[in-house]
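Colleague: Mind looking at a prediction? Sequence and model below.
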Amino acid sequence: MKKNVKDSKKLLVKTAILDAAKDIVRLDGFKSLSIRKIADQIDYSVGSIYQYYKNKDDIVKELIKVKYKEMLDILKNQKPTNHLVNDIKNKFIAYSTFALNNKDYYKEMMLSKDPNVLSMTRILDGDPTPGMLMLVNYLERLNKDSDFSINNPLDTAKFLWSSVFGLMIKMMIEDVDDMNLVENHIDLLMNTLKGTKQ
C-alpha cells in the first residue's frame with residue numbers, strides 16, 4: 001500500500017514539474033526554462049526537482065515526447081477522404097498547422113541532436129519513425145494509381161517531409177503564418193510525383 005502512495009505522489013510531483021515547465025515555455029520559450037523557475041512556480045526547492053529529473057535537458061526531453069505524441073495523434077486521427085492525394089495533403093496541412101501552432105516545441109524537437117529526441121524525429125537515416133511509416137504507406141498505395149510512378153516510396157517520403165520541414169523552419173524564422181503558402185507548397189510537391197521515375 002505504501003508503495004502505491006509513494007508512486008502516486010511521485011506521479012503528482014512529476015506532473016506538476018512538467019505543467020510548470022509547459023507554462024514557462026508557453027510564455028517565454030525554451031531558452032527561459034530553468035530548474036529554478038520551475039521550482040519557484042511549484043514552490044519546491046531546486047534540490048527537490050533533481051529527485052525527479054536529472055537536469056533541465058531531462059525535462060525538455062519529456063516535454064518533447066509529450067508534444068511528439070500529440071503531433072502523431074493528430075496525424076493518425078485525420079479522417080480519410082477516399083482520395084489518397086487529398087489524404088496526404090490533409091496530413092501535411094495538419095502537420096504544418098501543428099508546427100506553426102507549437103513553434104518553440106517544433107524547433108526544439110526537430111532541430112535537436114540529442115540521440116533520445118532523434119530516435120523520435122530522425123528522417124534521413126535509421127529506422128523510419130511512425131510518422132514516416134504512415135507517409136510511406138500512403139505513397140505505396142498512391143503508387144497503384146496510374147497517374148503516379150513512385151519507385152522508392154521511402155526516399156520519396158523523405159523528400160516530401162524534408163521539403164515541408166524546410167518551409168516550416170523558414171516560416172518560423174521570418175515569422176510568416178500563411179496557410180495558403182503551405183497549401184500551395186504541398187500542391188506543388190504532390191504534382192511533382194505525377195509520372196515521376198525515381
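Modeller: Here it is on my side, so go on.

Colleague: Got the phi and psi for the residue lying closest to residue 172 once chain neighbours are set aside?
Modeller: Closest residue to residue 172 apart from its sequence neighbours, by CB to CB, 6 or more residues apart in numbering: residue 103 at 5.1 Å. Just so you know, the C-beta spots here come from the backbone N, C-alpha and C atoms, and that holds for glycine as well. The phi and psi values for residue 103, taken as degrees, to the nearest 10, are phi -60, psi -50.

Colleague: per-residue confidence at the spatially most central residue of the chain?
Modeller: What sits nearest the mean C-alpha location of the chain, by CA atoms, centre = their mean, is residue 68, with 4.2 Å. Looking at residue 68, its pLDDT stands at 90.

Colleague: can I assume it is in contact with residue 109?
Modeller: Yes. When contacts are counted by CB atoms under 8 Å, residue 68 is listed as touching residue 109 (6.2 Å).

Colleague: Mutual contacts of the two, please.
Modeller: By CB atoms under 8 Å, 6 or more residues apart in numbering, residue 68 and residue 109 have these common neighbours: 120, 121.

Colleague: quick one on the thing from earlier: residues near the residue nearest to residue 172, how many?
Modeller: Counted with other CB atoms under 10 Å, the neighbours of residue 103 add up to 16.

Colleague: Could you check how far it is from residue 168?
Modeller: Going from residue 103 to residue 168 by CB to CB, to the nearest Å gives 9 Å.

Colleague: what's the single longest helix found in the chain packed up against?
Modeller: The residue-count maximum for a helix in the chain (DSSP state H) belongs to helix 2-28. On a contact count with 3 or more CB pairs under 8 Å, 6 or more residues apart in numbering; DSSP states H and E, helix 2-28 meets helix 35-42, helix 56-76.

Colleague: by contact count, what packs against the helix or strand just after the last one?
Modeller: The reference is to helix 56-76. Beyond helix 56-76 in the direction of the C-terminus, DSSP states H and E gives the next helix or strand as helix 84-101. In terms of contacts (3+ CB pairs under 8 Å, 6+ apart), helix 84-101 is packed against helix 56-76, helix 103-110, helix 130-142, helix 153-173, helix 179-192.
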